[in-house]
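[1] Sequence first, then the predicted structure:
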Amino acid sequence: WADALPFAALPDGAHHAADEGECCRFVLEDGALYGVSCVRQARPEALKEGSDAQRTATRSAVQKAVCVLHSDRGVAWSERLRLRVSVCAAALFEEGDLDDRSLLRDFHAGLRGLAPEAPITGGMFAACRRLGFAGALRCAKALLLGQSVVLVHAKSAAAAPDATLALADALGVLDDVDGDDSAVAAFGRCLRPAIRVEPCVSLMDLERLAALCDRDVQLLCGASNAHLAEACLGPRLSPAVVARLEKDAAAKVKVYGPSKAAAQAVEKLTPFEEALAAELEARAGADDDFRDDDAWARTALRAHVAGLLDLLAACGIDAADGGARVANRDDAQELARRHGGPFVVAFLDTAAAVRFLADRNPALCDWLAAADAPDVEQGFNPSIVAQLVLAKDKLREAANELSLDDAKDALGRKVEWTRSAARDYGGQLADSFPETATRARRLFQGGGDAAGGFEEAGDAAAATP
């Protein structure tokens, strides 16, 4: 971590820091260490006469960062510590002798016993105003689909980290209160094991982040280097979204892969979402005295995510012709109207969504794992294009072009997610999700209720992905 610390504490864009300094937060050692730094700079002639910093200065400004590392993010990213680091950095530059370690020793001694508190999550309002609420909705949709998101601001060391943590908080990823029974907090607990939040990354982090992505870890990170974000991180982390926070950015949200159809699930907002974004923009800009209320912006974004989760939690499963079971038409149509059919179908194929539904709507979770993919598409994305794709799949199935391996791959993934959720919630797959268990038995054991029970089939399902 010692080699990575200078790049994290003095990130790209730090030379744009104002005279009063900027604080940014970061992660080291793959989440084992959390840090906060305050970056300040001064002209050499403003420093103490004859000091080493003044004597060795070779540029028009001398820049330093005072940083604190801690193993608990509740301490490292707390508001109390951010204020203390800012005061220490201000005092160091006011004194003018940047090599005076006595001030830093006193500062360090005063940090002992700091209690953890909720991480700073301000910056949501500023991020929404820079991205536009439509851009913030697209970032939220990408994260819900399991895609990586990189927020970048090329002229501020603090803007991207602040926006990164604010977006993570809006989706419940930073919620540490296990007693919170809200839909967003419950979903955040499902998403948390698979997502890595890194408020500030640099060029030297590229290979490490790409390796994490290869292990199916979802990333939410901030950067202050536009080239790093668009030329390196976006393509390497694909499917990913790069969101530009600069006011003059030509494209606020840019989607990378995995396909044009998948990208549209993020890029294309429904009329309902466009109207919501316009309403939020109007409310935020209606009053000249409107303060930068992060809580208001956070509540607005959380309410939209909660609307999606609540509709899915209430979605019914009905009987259809021939004894089949399908998603309730009215519930599915309302989900498609609000959030878009392609998005809903893609969201239901994520581990976090399956884990959430295993607790909030076991019947829908069971149906999703046992149903064929065309059934899910037909239920939640009843568009003309979707119907054409569905007809093509049915023709392929009739011609035996859909292999057993394709079915095993799709079902195996869903079975493993559902079985993991059943364990977490204290149940057994065969008891809580009978359709999934029966379908897995038939597919993995060659049809029928083969001897040996479901556990062997479960092991095969787990190995399939």
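    That came through fine. Source: prediction; values computed, not measured.
[2] Could I get the full set of helices for the stretch 151-300 of the chain?
    159-170, 183-191, 206-214, 226-227, 234-237, 260-267, 271-285, 294-314 (DSSP state H, counting those that start in this stretch).
[3] can you redo the ones you listed as TSV with mean neighbour count and distance to Leu137?
    Heads up, the C-betas are built off the backbone N, CA and C, glycines and all. TSV is the format used below for those (neighbours: other Cβ atoms under 10 Å; distance: least, Cβ to Cβ, whole Å):
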stretch	mean neighbour count	distance to Leu137
helix 159-170	27	11
helix 183-191	22	15
helix 206-214	15	24
helix 226-227	16	22
helix 234-237	19	19
helix 260-267	17	10
helix 271-285	15	6
helix 294-314	19	7
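[4] May I see the ones you listed arranged in a markdown table, with mean pLDDT and distance to Glu416 as well?
    Listed next are the helices of the stretch 151-300 of the chain as a markdown table, based on pLDDT from 0 to 100; distance: least, Cβ to Cβ, whole Å:
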| stretch | mean pLDDT | distance to Glu416 |
| --- | --- | --- |
| helix 159-170 | 91 | 26 |
| helix 183-191 | 92 | 15 |
| helix 206-214 | 87 | 19 |
| helix 226-227 | 86 | 39 |
| helix 234-237 | 91 | 24 |
| helix 260-267 | 84 | 22 |
| helix 271-285 | 90 | 32 |
| helix 294-314 | 93 | 20 |
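[5] how close does the residue in the chain sticking out farthest from the centre sit to Asp97?
    Largest separation from the mean C-alpha position in the chain: Gly50, at 48.9 Å (Cα atoms, centre = their mean). Counting by Cβ to Cβ, to the nearest Å, the gap from Gly50 to Asp97 is 9 Å.
[6] can you check Asp175 too?
    Counting by Cβ to Cβ, the gap from Asp175 to Asp97 is 43 Å.
[7] Can you pull the poorly scored residue ranges out of this structure?
    The chain contains residues with pLDDT under 70 at 14-20, 177-179, 286-292, 321-324, 372-374, 382-412, 425-432, 439-465.
[8] count of residues packed around Asp331?
    By the measure other Cβ atoms under 10 Å, the count of residues near Asp331 is 19.
[9] what's the answer for Tyr256, then?
    With other Cβ under 10 Å as criterion, Tyr256 counts 19.
[10] So it sits against Ala229, correct?
    No. Applying Cβ atoms under 8 Å as the test, Tyr256 and Ala229 come out as separate, 10.5 Å apart.
[11] what residues are shared contacts of those two?
    Common contacts of Tyr256 and Ala229 (Cβ atoms under 8 Å, 6 or more residues apart in numbering): Val242.
[12] Which parts of the stretch 51-200 of the chain are strands?
    Along the stretch 51-200 of the chain, the segments classed as strands by DSSP state E, counting those that start in this stretch run 62-70, 148-152, 195-198.
[13] most packed of those strands?
    The highest mean neighbour count among those, using mean count of other Cβ atoms under 10 Å, belongs to strand 148-152: a mean of 28.
[14] Tell me which other helices or strands it touches.
    If you count contacts as 3 or more Cβ pairs under 8 Å, 6 or more residues apart in numbering; DSSP states H and E, strand 148-152 packs onto helix 133-144, helix 159-170, strand 218-223, helix 234-237, strand 240-244.
[15] Can you work out which other helices and strands pack against the second one?
    For helix 159-170, the contact count by 3+ Cβ pairs under 8 Å, 6+ apart identifies strand 22-28, helix 124-131, helix 133-144, strand 148-152, strand 195-198, strand 218-223, helix 294-314 as packing neighbours.
[16] To Cys315, which of the helices and strands packed on strand 148-152 lies closest?
    Cys315 lies closest to helix 133-144 among the helices and strands packed on strand 148-152, at 16.1 Å (Cβ to Cβ).
[17] what comes up buried for the closest one?
    By neighbour count with 16 or more other Cβ atoms under 10 Å, helix 133-144 contains the buried residues 133-144.
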